[in-house]
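1. A predicted structure for the sequence below; I have some questions about it.
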There are 2 protein chains.
Amino acid sequence: MEQQTATMTKKREPLNGVDVPALFATIDAVRQQPELAKFQFRVSNRWVNGTNSRSRIESFNGAGGEQSHVRTFEYDADHPQVLTGTDQGPSPVEFLLHALATCLTAGIGNIAAARGIKLTEVESSVTGNIDLRGILGLSNEVRNGYQDIRVEFKIKGDAPPEKLRQLVEQSRARSAVFDIVTNGVPVDITVDAA
Amino acid sequence: MEQQTATMTKKREPLNGVDVPALFATIDAVRQQPELAKFQFRVSNRWVNGTNSRSRIESFNGAGGEQSHVRTFEYDADHPQVLTGTDQGPSPVEFLLHALATCLTAGIGNIAAARGIKLTEVESSVTGNIDLRGILGLSNEVRNGYQDIRVEFKIKGDAPPEKLRQLVEQSRARSAVFDIVTNGVPVDITVDAA
């Protein structure tokens, strides 16, 4: 028990750019008040032209109230030219891969810090295979979305390879986007047309 | 039949910024050569610090070969400060909502043009509700991802409201990201640790 306590104390120091004491304090606060864990994230989008639209991300609700990002973020998406778009931004399916990569990587950063492992490099390559006969309406047997997604991590740090692999595994087990992308979420669409 | 032909001819003109003849030519080409429809999209990501990482989106494979975007796109994602991140970019789950909004909106742009409907406004608000006890490891009964996502469209154009609503419905029925998010996709993760 003495050793365990010492280990825990050692772990609760900022590491990898993660404020570990604040992270554990947040987890403790939510344990005490579970309603703090209820978040609502939001994106507002406006069609620009053709297949190009722009999203604005600025506020969300959580931790007991309304929250604002440090600044307003805006991103264009579009279809590439080979799909008759104007390539004003990545395609929506590429942004989805970005969401997956960044969610898994953020988790690795947090979990490594909590476990006292100093990271020196985390890189990933995410690829998704899709048969566009689905969205082009040429086949009802081909799904619209990706058939499969592959994520390849390269990770380096001051722990044995097995411990580094466990960071990725724990991040996967607690990743919001991995859960959404692998298990699906109900999506309700309403339309105000005029 | 005469009238149908006239209608089809009328429809095959650029509209809403969509090159409709090129769109139909693309669909015809894929119908002749289904292998042109096989695409692979890619994102490479590098951890920066803490929960902040940066993705690069530059090339993809499809239409029979390697393709490059007009330029390389780079995006940061991070956790917000209230979740002990540094807010260098939106959170991964917000980028996922952006992917969903932009996929549905791109589809609306294409389908409206193909149907000869001129759009004047397409706006959407996408919200996702999530209970962070999942990712914080405080409950095994709470899922990691969104419990539900709601998309609210406001659409205006030179067609009756019912026709405008049908555009949204057809886009939903052929949306890659809607399919992925509602039905899920298998994700394979491999790790090179050193």
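-> Okay, I see it.

2. And the helix or strand hosting A:Phe153, what's buried?
-> Assessed by DSSP states H and E, A:Phe153 sits inside strand A:148-157. By 16 or more other Cβ atoms under 10 Å in any protein chain shown, the buried positions in strand A:148-157 come out as A:Ile149, A:Arg150, A:Val151, A:Phe153, A:Lys154, A:Ile155, A:Lys156, A:Gly157. All C-beta spots, glycine's among them, are computed from the backbone N, C-alpha and C.

3. And these, which is closest to B:Gln40?
-> Distance to B:Gln40 across the buried residues of strand A:148-157 (Cβ to Cβ) is lowest for A:Arg150, with 9.5 Å.

4. tell me which element A:Ser55 falls in.
-> Assigned by DSSP H and E, A:Ser55 falls within strand A:52-62.

5. is that strand anywhere near chain B?
-> Yes - looking at strand A:52-62 against chain B by Cβ under 8 Å from any Cβ of the partner chain, the contacts come from A:Asn52, A:Ser53, A:Ser55, A:Ile57, A:Phe60, A:Gly62.

6. for those residues, which one is nearest B:Glu35?
-> Closest to B:Glu35, out of all of these and judged by Cβ to Cβ, is A:Asn52, at 27.8 Å.

7. Can you report how many residues lie near that closest one?
-> Look at A:Asn52: counted by other Cβ atoms under 10 Å in any protein chain shown, it has 21 neighbours.

8. That one and A:Pro90 touch, don't they?
-> No - using Cβ atoms under 8 Å, A:Asn52 is not in contact with A:Pro90, being 11.3 Å away.

9. what's the overlap in contacts for these two?
-> Counting by Cβ atoms under 8 Å, 6 or more residues apart in numbering or on different chains, the residues touching both A:Asn52 and A:Pro90 are A:Ala77, A:Asp78.

10. quick one: which of the residues of strand A:52-62 next to chain B has the most company?
-> The most crowded member of these is A:Ser53, carrying 29 neighbours; neighbours defined as other Cβ under 10 Å.

11. can you tell me which residues contact it?
-> A:Asn45, A:Arg46, A:Trp47, A:Asp76, A:Ala77, A:Asp78, B:Ala101, B:Thr102, B:Thr105, B:Ala106, B:Gly109, B:Val122.

12. helix/strand/coil for the first one?
-> When classified by DSSP: H, G, I helix; E, B strand; the rest coil, A:Asn45 comes out as strand.

13. So which residues of chain A form helices?
-> Using DSSP state H, the helices of chain A run over A:2-11, A:20-32, A:92-114, A:161-173, A:176-183.

14. Turn the contacts of A:Ser53 into a markdown table, including pLDDT.
-> Listed next are these as a markdown table, based on pLDDT from 0 to 100:
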| residue | pLDDT |
| --- | --- |
| A:Asn45 | 98 |
| A:Arg46 | 98 |
| A:Trp47 | 98 |
| A:Asp76 | 98 |
| A:Ala77 | 98 |
| A:Asp78 | 98 |
| B:Ala101 | 98 |
| B:Thr102 | 98 |
| B:Thr105 | 98 |
| B:Ala106 | 98 |
| B:Gly109 | 98 |
| B:Val122 | 98 |
